[in-house]
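[1] please find the sequence and the predicted model below.
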Amino acid sequence: MDILYFAWVRERIGIDHEELDPPADVTDVRGLIAWLATRSPGHESALMDITCLRAAVDQKFADLDAPIRDAREVAIFPPVTGG
Amino acid sequence: MIRVSLQAEPFDAGAELARLDASGGGGVASFTGIVRGDGGLVELMLEHHPGMTLAMMEALANDAAERWALSGLTIIHRHGPLGPGAPIVFVATAAKHRTAALEACASLIDRLKTQAPFWKRETFADGRQTWVEPRASDDAAAARWLRDGG
């Protein structure tokens, strides 16, 4: 699974993407973020407050409860600020 | 008739408007967003999702074109580093009547703000960098245009 990071999530983690195979008990976006947060101090700093985070699964905006087992790509980022 | 562009380069708003002026008559409405130089800002960096941002802009464009029966529509959004005074976003809508053109234009700029995956990082003259936080008023503005919200 390709995990993408944007904006300050990317800056705190220090990379813009990583290819990972989450364990079988990680089934939704919320669980994925909790699992990713254990990977390094940078991940923890970026991902500890889930209320500040939004996600997209296979390039569609997704809720924290969205399933991820069949996803090829999950993007994690702060709320968007276009325009 | 629908033109959507995600680009680093500047755009020529006058040329874009002229193209829509020729799209069949009625009216053309437009909005150009310009980088503010408030508080000693020296750079605004726009980050985007390479696979998702253009697709979302196109989806918003198609939705507006259908909802307001537009005869022409242009959306241009820039990415990368921009300085104060630089044009950042352009929306122009052509329709047979003014209400459709004006409403479609306002709706698109509101929805781009809250639904297109862009993130803005401000750099100030003293070297400070901050990521722009979304405002509740932006969400409220975008929610006005939800079909089910009346």
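    On my side now, so go ahead. Residues are numbered from 1 along each chain as shown, chains lettered A, B, ... in the order given.

[2] assumed B:Ala142 was part of a helix.
    Yes: according to DSSP: H, G, I helix; E, B strand; the rest coil, B:Ala142 belongs to a helix.

[3] give me the pLDDT value at it.
    According to the prediction, B:Ala142 has pLDDT 86.

[4] and the helices in chain B, which stretches?
    Per DSSP state H, chain B carries helices over the ranges B:13-21, B:53-67, B:98-115, B:136-143.

[5] between the longest one and helix B:13-21, how many degrees?
    The reference is to helix B:98-115. If you take axes from the mean of the first three to the mean of the last three Cα atoms, to 10 degrees, helix B:98-115 sits at 130 degrees to helix B:13-21.

[6] go on, the last one?
    Our comparison of helix B:136-143 with helix B:13-21, counting by the same axes, to 10 degrees, yields an angle of 20 degrees.

[7] can you list contacts of helix B:136-143?
    A:Thr81, A:Gly83, B:Asp110, B:Arg111, B:Lys113, B:Thr114, B:Gln115, B:Gly149 (Cβ atoms under 8 Å, 6 or more residues apart in numbering or on different chains). Where you see a C-beta, it was placed from the backbone N, CA and C, and this is true even at glycine.

[8] which of these count as buried?
    Buried by 16 or more other Cβ atoms under 10 Å in any protein chain shown: A:Thr81, A:Gly83, B:Asp110, B:Arg111, B:Lys113, B:Thr114, B:Gln115, out of the contacts of helix B:136-143.

[9] circling back to that earlier point, from the contacts of helix B:136-143, pick the one nearest B:Thr123.
    Closest approach to B:Thr123 among the contacts of helix B:136-143 (Cβ to Cβ): A:Thr81, at 15.2 Å.

[10] just to check, the closest one is in contact with B:Pro117?
    No: counting by Cβ atoms under 8 Å, A:Thr81 does not reach B:Pro117; the two are 9.7 Å apart.

[11] got the residues of chain B near chain A?
    B:33, B:47, B:49, B:51-52, B:55, B:77, B:88-89, B:109-110, B:112-121, B:131-134, B:138 (Cβ under 8 Å from any Cβ of the partner chain).

[12] can we see that at 7 Å?
    By Cβ under 7 Å from any Cβ of the partner chain, the residues of chain B that approach chain A are B:33, B:47, B:49, B:51-52, B:55, B:77, B:89, B:109, B:112-114, B:116-120, B:131-132, B:134.

[13] A:Asp65: neighbouring residues, count only.
    10 (other Cβ atoms under 10 Å in any protein chain shown).

[14] check B:Gly85 too.
    B:Gly85 has 9 nearby residues by other Cβ under 10 Å.

[15] contact partners for it?
    B:Ile34, B:Val35, B:Gly37 (Cβ atoms under 7 Å, 6 or more residues apart in numbering or on different chains).

[16] mind giving me the PyMOL select for these, buried ones only?
    To isolate the buried ones among these in PyMOL, judged by 16+ other Cβ under 10 Å, type:
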select buried, chain B and resi 35
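
[17] how close does the closest residue to A:Leu64 other than its chain neighbours sit to B:Thr99?
    The shortest distance from A:Leu64 to any non-neighbouring residue, by Cβ to Cβ, 6 or more residues apart in numbering or on different chains, is to A:Arg30 (4.3 Å). Distance, A:Arg30 to B:Thr99, using Cβ to Cβ, to the nearest Å: 43 Å.
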